[in-house]
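A.B. asks: After the sequence you'll find the predicted model.
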Amino acid sequence: SLTCSHKCIHTPTGPTCYCQPGYMLGADKTSCVDVDECQEFGSCSQGCENTVGSFICSCMEGYVMQNNSCLAVRGEPLLFFSTKSEVRGLKVRSMEYFPVATNLPYSIGIGFDSLGGRVYWTDVEAGKETLVSAGLDGSGST
C-alpha cells in the first residue's frame, strides 16, 4: 500500500503519487515538497516572494502590476540600437522611431542614462575608440 502526502493515481504499473501545483514529488516518491517558483526565470518581472505552494509577485516603487508584469507608472519605455552609422531610438508604446545621431563612422555599444537623459555609444574608427554621448533629441553631442 502506497501512502501519498497529496494525491495518488492508479497506473498500469501500480499506484503513483503526484503533487498539487506549487509542489514537486520528493526523493522518497511519496511526499510533496514546495517548489520555489522565484528561482524559475520569468516567474516575476521584478520582486518575487515564495510562499508555501505558490508565490507572490511585486513591483518596485514607480511601477504597477499589469497583466502579471511591472510597468512604469510614468514615462515611456525606450529601446536604443545602433546601425553602424546611426544611433536610433524607439518609443515602445507609441512605436515612434527617432534618430539620436546620424552619419557616424562606426557606432557600437549603446548605453542610456535615464537620470541625465543622455545616450552613450562607442565610435570605433580605424582602431581609434571614442566614447560619445548625446541628448535624446540628438543635441549636445560630446
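C.D. replies: Okay, I see it.
A.B. asks: And the residue nearest the centre of the chain, which helix or strand is it part of?
C.D. replies: Ranked by distance to the mean C-alpha position of the chain (C-alpha atoms, centre = their mean), the top residue is S45 at 5.8 Å. When secondary structure is defined by DSSP states H and E, S45 falls outside every helix and strand.
A.B. asks: Go ahead and confirm it touches M60.
C.D. replies: No: the criterion here is C-beta atoms under 8 Å, and S45 misses it with M60 at 9.9 Å. No exception for glycine: its C-beta is placed from N, CA and C like everyone else's.
A.B. asks: Now the common contact residues for those two.
C.D. replies: C70 (C-beta atoms under 8 Å, 6 or more residues apart in numbering).
A.B. asks: how close does the residue nearest to the centre of the chain sit to D34?
C.D. replies: 22 Å (C-beta to C-beta, to the nearest Å).
A.B. asks: got it, and V64?
C.D. replies: Applying C-beta to C-beta to V64 and D34 gives a distance of 28 Å.
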